[in-house]
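Asks: Dropping a prediction and its sequence here:
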Amino acid sequence: MRPVLSDVIGNLYQAADPEVGWAGAVASLAGVVGATQAGFQIADPHNIKGTNLLAAPGTSLEEAALYVAHFKQVDPYATLLQERPVGAVTVSGELLDEELVLRSEYWNDFAGRYGRGFHLVGSRLSTHVGGDAMIGLLRPPEALPFSAEDEATLVTIFPHFASAVRLWHRLTEAEARADAANLMRDALGAVLVVDGQGRLLLVSPAAERMAPEVGLRLGGGRLGFIVPEAAARLRTLIAATAGGGPGGVMVLSQATPLGRLFLQATRLPEQTAAARDRYGRYPVLVELRLLGTRQPSADALRQAFGLGLAEAEVALLTAQGLTAEEVAERRGTSVLTVRSQIRVLLMKTDTRTLRELAGLVNALA
């Protein structure tokens, strides 16, 4: 029996804890699409270790050593994933000449000899820290290729995988700073799940500890803010997200004792165990994160991403959780102009959504 989709997503977020490791999560991901092997690797942003092979279920230590030492350089599947857009789900049979693969050094000297998989589905995941992660799921030559249904399943899962990888990066770097490791881990690991009315379905220990420090109210089994204006904005955001909206972010402009609070709301997918309620509303995943006490400057964004001044100013307003209409009103320009600037911002920052853009901008604080 294949794993339940919601369990796979849960395993990925658990694997973001550096003490857990990725092997179990990647194995369950392989199982949900019937893959017999998998490989999850990530570039070291500090260029100390080159590439880290973090999980490879179905692979022996000898195979892993040979792959990292040489065959990664001639792997047509890795090359294919590197050339594809970040976040795109890639199926090898649609893009690779399989006859060329069977004649390649990679297949004849390594993959075919060790019984490696032949049919691949995978993706390149952005980490926002200088190196991309790659996940590849494999089936043997005699098996059926991955189907459109498998591809659709991974379209649902991979955005969560990318979020978990970014969270893992933050936690790993935080643990390297011994003085602040525990505080940062609690802050970055704070997540809640609520229904469309803000009723709490799940609260992580880190979120429970953080709540009183940042003005969040968990009493009565509901999520809210102590400040009425923030509470109203949160109710609106959760209701819109649960109703099928794209989700969004909130940033508390007033710094708490621990820093500014960044809140991101994302609806959980249709296939999760806690699917829509009887009113057709989705459960909502709420991630809490602490930022610096100040936003990055427009000059810092211009230097980091090659933005124009107007683009940088729009990015800063978007990172506060403002909609395109609100940004246009604040800047005294048209909504059409702001939306055009946002499209350019997404391209220049290699992000796909306003939530990702806001997270990236605020991560530079």
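Replies: Noted; the coordinates are in hand.
Asks: residues contacting the residue most central in space within the chain?
Replies: In the chain, the centroid-proximal residue (CA atoms, centre = their mean) is S163; its distance is 1.9 Å. Going by CB atoms under 8 Å, 6 or more residues apart in numbering, S163 touches Y13, E287. Bear in mind the C-beta positions are built from the backbone N, C-alpha and C, glycine included.
Asks: can you do 6 Å?
Replies: Shown in contact with S163 (CB atoms under 6 Å, 6 or more residues apart in numbering): no residues.
Asks: Please give the element, helix or strand, for it.
Replies: helix 148-176 (DSSP states H and E).
Asks: and what of A265?
Replies: Element membership of A265 [criterion: DSSP H and E] is strand 260-267.
Asks: before we move on, what about R355?
Replies: Assigned by DSSP H and E, R355 belongs to helix 354-363.
Asks: same question, A328
Replies: Here A328, judged by DSSP H and E, is contained in helix 324-331.
Asks: tell me the angle of that helix relative to helix 354-363?
Replies: Between helix 324-331 and helix 354-363, the angle comes out at 50 degrees (axes from the mean of the first three to the mean of the last three CA atoms, to 10 degrees).
Asks: Report the buried residues of helix 324-331.
Replies: Buried positions in helix 324-331, judged by neighbour count with 16 or more other CB atoms under 10 Å: A324, V327, A328.
Asks: Distance from the helix or strand following that helix to the middle of the chain?
Replies: The helix or strand immediately downstream of helix 324-331 is helix 335-349, counting by DSSP H and E. Helix 335-349 sits 21 Å away from the centroid of its parent chain (CA atoms, centre = their mean, to the nearest Å).
Asks: Could you give the average pLDDT over helix 335-349?
Replies: For helix 335-349, mean pLDDT is 88.
Asks: Show me what it is packed against.
Replies: helix 309-319, helix 324-331 (3 or more CB pairs under 6 Å, 6 or more residues apart in numbering; DSSP states H and E).
Asks: Adding distance to T79, write the ones you listed out as CSV.
Replies: Conversion of those to CSV gives the following (distance: least, CB to CB, whole Å):
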stretch, distance to T79
helix 309-319, 33
helix 324-331, 38
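Asks: Turn the ones you listed into a markdown table, including distance to S104 and mean pLDDT.
Replies: Below are these laid out as a markdown table (distance: least, CB to CB, whole Å; pLDDT from 0 to 100):
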| stretch | distance to S104 | mean pLDDT |
| --- | --- | --- |
| helix 309-319 | 43 | 87 |
| helix 324-331 | 47 | 89 |
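Asks: Tell me which of the ones you listed sits nearest to R222.
Replies: Ranking those by proximity to R222 (CB to CB) places helix 324-331 first, at 26.2 Å.
Asks: Which residues outside that closest one are in contact with it?
Replies: V314, L317, V335, V338, R339.
Asks: what angle sits between that helix and helix 335-349?
Replies: 100 degrees.
Asks: Check which residues of stretch 97-116 are buried.
Replies: In stretch 97-116, counting by 16+ other CB under 10 Å, buried: V101, S104, Y106, W107, F110, A111, R116.
Asks: what's the answer for stretch 215-229, then?
Replies: For stretch 215-229, by 16+ other CB under 10 Å, it's G215, L216, L223, G224, F225.
Asks: what mean pLDDT does that stretch have?
Replies: According to the model, stretch 215-229 has a mean pLDDT of 88.
Asks: picking that back up, among the buried residues of stretch 97-116, which lie within helices?
Replies: Counted as lying in helices by DSSP state H, out of the buried residues of stretch 97-116, are V101, Y106.
Asks: Tell me who's in contact with the residue of the chain positioned farthest from its centre.
Replies: When distances to the mean C-alpha position of the chain are computed (CA atoms, centre = their mean), the maximum falls on R103, with 36.0 Å. With contact set as CB under 6 Å, 6+ apart, R103 has no partners.
Asks: let's go with 10 Å and repeat that
Replies: By CB atoms under 10 Å, 6 or more residues apart in numbering, the residues touching R103 are D97.
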